[in-house]
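Novice: Kindly return the folded structure for what I paste below:
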Amino acid sequence: MPSLQSRLFMLMMKNRHLLRLQFKRENIDWNTHEAIVRFRERCEESVKLFGKIPTEIEVFPTKIDGLAAEWIIHSQSTIDQVLFFIHGGGYVSGSCSDHRIHVSKFVKGSSIGALQFDYRLAPEHTFPAALNDSVKAYQWLLDQGISSYNIIFVGDSAGGGLCLATLLALRDQGIPLPSAAVALSPWTDLKCTGESYRRNAGRCLSPDGTWTAFSKHYVGDHEPDLPWISPLYGELYDLPPILIYVGENEILYDDAVSFAKEAKDSGVDVTLRVGEGLFHCYPVCAPFFPEARKAMNEICEFIKMHLTKKNGLQNKPN
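Specialist: Numbers count the residues shown, from 1 in each chain. Below you'll find the model as predicted:
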């Protein structure tokens, strides 16, 4: 049974429209560009609910071939080992600024520095823009002299799906894979076929109608079951160890569970953690309730376990 703290947190999130002095949840047509723009603005505003960057964390803006990016560095970390963070937002939203507080939790818990970047968003930029930017940013990191075995992918929601799709693209192109990956509530099926899309529709914190609309925005003129769009439909061999977290009550539950099963059947070392009665990307809500704290601690231990080599490179980015 979910803890009292987590149930109170879910109640607050379910009724977050009241914080905007709105007595009913908005009925939004997510197919319009205006709705997407408002969604982006609200994502930037809502991050304030999660607190401030810890004092021991420093942020260093940088550029990756025209993409805005940033290093998030712990006072005890070096950048010879890197969390390569791919943000979520349904492929239509998300940025370094609205994910900075979340990324800093992984950095603080593991003492490993992170690199995150702003990939191009739909509907202005459909597939394969986000995937190409992800591959480009990872290749840039390798070009800085960081060994692939000293890199771990971390992604949330659509970023978790893009994390897994990037692994497939890297493998298919013969580019060295990272040592491991962590995917929080990954969106792996943009056909949206899982039963949880219907079963959990009333319980999920995601606004009504988002995922099918976001899929159309990102997929564009392509087929949604292409493996580099929906990694659930890919050949899942020769991938690094993957740790997956998903909430039992979220729409993307089947996306995570189905991908974990297919990957395990293909010989991949996969660990699946299901938060009983919990919601989308719940580990990033640490330290607000015990399940999130436990998940964040487990993720940081997984990260440290898979990053064991020390190369003694510089301790701050240029």
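Novice: Can you tell me the element Lys105 falls in?
Specialist: Secondary structure from DSSP states H and E places Lys105 in helix 96-110.
Novice: Tell me which other helices or strands that helix touches.
Specialist: Here helix 96-110 touches helix 33-46, strand 57-64, strand 67-74, strand 82-86, strand 113-117, strand 151-156, helix 290-306, going by 3 or more CB pairs under 8 Å, 6 or more residues apart in numbering; DSSP states H and E. Just so you know, the C-beta spots here come from the backbone N, C-alpha and C atoms, and that holds for glycine as well.
Novice: in its sheet, what does the third one sit against?
Specialist: Translated: strand 67-74. For strand 67-74, the paired strands and their directions (DSSP bridges) are strand 57-64 (antiparallel), strand 113-117 (antiparallel).
Novice: Give the rounded mean pLDDT of that strand.
Specialist: Averaged across strand 67-74, the pLDDT comes to 96.
Novice: Tell me the buried residues in that strand?
Specialist: 67, 69-74 (16 or more other CB atoms under 10 Å).
Novice: can you give me the angle that strand makes with helix 96-110?
Specialist: 30 degrees (axes from the mean of the first three to the mean of the last three CA atoms, to 10 degrees).
Novice: Then the fourth one?
Specialist: When the same axes, to 10 degrees is applied, the directions of strand 82-86 and helix 96-110 differ by 140 degrees.
Novice: Could I get the average pLDDT for strand 82-86?
Specialist: Average pLDDT, strand 82-86: 98.
Novice: So which elements touch that strand?
Specialist: Applying 3+ CB pairs under 8 Å, 6+ apart, one finds that strand 82-86 contacts helix 96-110, strand 113-117, helix 129-143, strand 151-156, helix 158-172.
Novice: and with 6 Å instead?
Specialist: strand 113-117, strand 151-156, helix 158-172 (3 or more CB pairs under 6 Å, 6 or more residues apart in numbering; DSSP states H and E).
Novice: Need the winner for burial among these.
Specialist: Highest mean neighbour count of these: strand 151-156, a mean of 28 (counted as mean count of other CB atoms under 10 Å).
Novice: That one pairs with which strands?
Specialist: Sheet pairing here is set by DSSP bridges, and for strand 151-156 it gives strand 82-86 (parallel), strand 180-184 (parallel).
Novice: quick one, which of these is nearest to Trp228?
Specialist: Trp228 sits nearest to strand 82-86 of all the strands paired with strand 151-156, at 13.9 Å, using CB to CB.
Novice: Now do that closest one against helix 158-172, angle only.
Specialist: Using the same axes, to 10 degrees: strand 82-86 against helix 158-172 is 120 degrees.
Novice: Please point out which parts of strand 82-86 sit buried.
Specialist: 82-86.
Novice: export the residues you listed to CSV and tack on distance to Lys191?
Specialist: As requested, these are exported to CSV (distance: CB to CB, whole Å):
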residue, distance to Lys191
Val82, 33
Leu83, 30
Phe84, 27
Phe85, 26
Ile86, 21
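Novice: and of the strands paired with strand 151-156, who's closest to Thr55?
Specialist: The closest of those to Thr55 is strand 82-86. By CB to CB, the value is 19.5 Å.
Novice: neighbouring contacts of that closest one?
Specialist: The contact list for strand 82-86 (CB atoms under 6 Å, 6 or more residues apart in numbering) reads 103, 106, 112, 114-116, 134, 146, 151-155, 159, 162-163.
Novice: in the helix or strand bottoming out on mean pLDDT in the chain, what's buried?
Specialist: Least confident helix or strand of the chain, by mean pLDDT, DSSP states H and E, is helix 4-14 with a mean of 77. Judged by neighbour count using 16+ other CB under 10 Å, the buried positions of helix 4-14 are 5-6, 9-10.
Novice: right, and the helices and strands packed on helix 96-110 - which one's nearest Asp255?
Specialist: Relative to Asp255, the nearest member of the helices and strands packed on helix 96-110 by CB to CB is strand 151-156, separated by 12.9 Å.
Novice: Check the offset of that closest one from the chain's centre.
Specialist: Taking CA atoms, centre = their mean, to the nearest Å, one finds the center of strand 151-156 at 8 Å from the center of the full chain.
Novice: how about the strands of the stretch 151-300 of the chain, start to end?
Specialist: Along the stretch 151-300 of the chain, the stretches classed as strands by DSSP state E, counting those that start in this stretch are 151-156, 180-184, 242-247, 270-275.
Novice: how about JSON lines for the ones you listed, with distance to Leu190 and mean pLDDT added?
Specialist: Output for the strands of the stretch 151-300 of the chain, formatted as JSON lines (distance: least, CB to CB, whole Å; pLDDT from 0 to 100):
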{"stretch": "strand 151-156", "distance to Leu190": "15", "mean pLDDT": "98"}
{"stretch": "strand 180-184", "distance to Leu190": "15", "mean pLDDT": "98"}
{"stretch": "strand 242-247", "distance to Leu190": "17", "mean pLDDT": "98"}
{"stretch": "strand 270-275", "distance to Leu190": "20", "mean pLDDT": "98"}
